[in-house]
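# quick one: sequence plus predicted model below, questions after.
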Amino acid sequence: MGIRFVEIHTAPDGEQLNTEWVVLENDGKLPFNTRGCGMTVGKQGHSKRSALGVIDPGFVMQPGERVRMLTGNPGTKAHGEPPPEEGVKNYFLFLPRTYLAGVGTVLTLTLRGLAVSKAVFDPSAPGGVAAVVAK
């Protein structure tokens, strides 16, 4: 599967949940359905991961398509204004708080418990995504 993280963006204010997001891209040759996928978060160098939840109902990503997954709720003004959908669709996770804990945060998109894509947050890297070294 050709799903990859291309951007990780932290919220400057922990209350503004719609200013924290990740952008996924399907750089494969086939559509990818995210229904049933999960997202985990952990710290680089540690095996403990926390599940953020299951993406349901999900969305289908066509080859070459990008989707921005925002932490908050679009109907909650306190979560802040989401970015405009200019070439990238927004999908809201409806989480109760931010989950990016700074440099070295590891995000993993899973499907049935298997890793689909993994990224490490590094604000100095392009898009905030550090290269993931396979072990």
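Structure's in. What do you need?
# would you agree Leu95 falls within a strand?
No: looking at Leu95 with DSSP: H, G, I helix; E, B strand; the rest coil, it is coil, so not inside a strand.
# Thr110 touches Cys37, doesn't it?
Yes: using CB atoms under 8 Å, Thr110 is in contact with Cys37, at 6.4 Å. (Each C-beta comes from the backbone N, C-alpha and C, glycine too.)
# mind listing the shared neighbours of these two?
Val116 (CB atoms under 8 Å, 6 or more residues apart in numbering).
# give me the element the most centrally placed residue in the chain is part of.
Closest to where the C-alpha atoms of the chain average out (CA atoms, centre = their mean) is Val22, at 3.6 Å. For Val22, the element it lies in under DSSP states H and E is strand 21-26.
# where does pLDDT dip in this protein?
1, 132-135 (pLDDT under 70).
# now the strands for it?
3-9, 21-26, 32-33, 37-43, 49-54, 60-61, 66-70, 89-92, 105-111, 114-121, 129-130 (DSSP state E).
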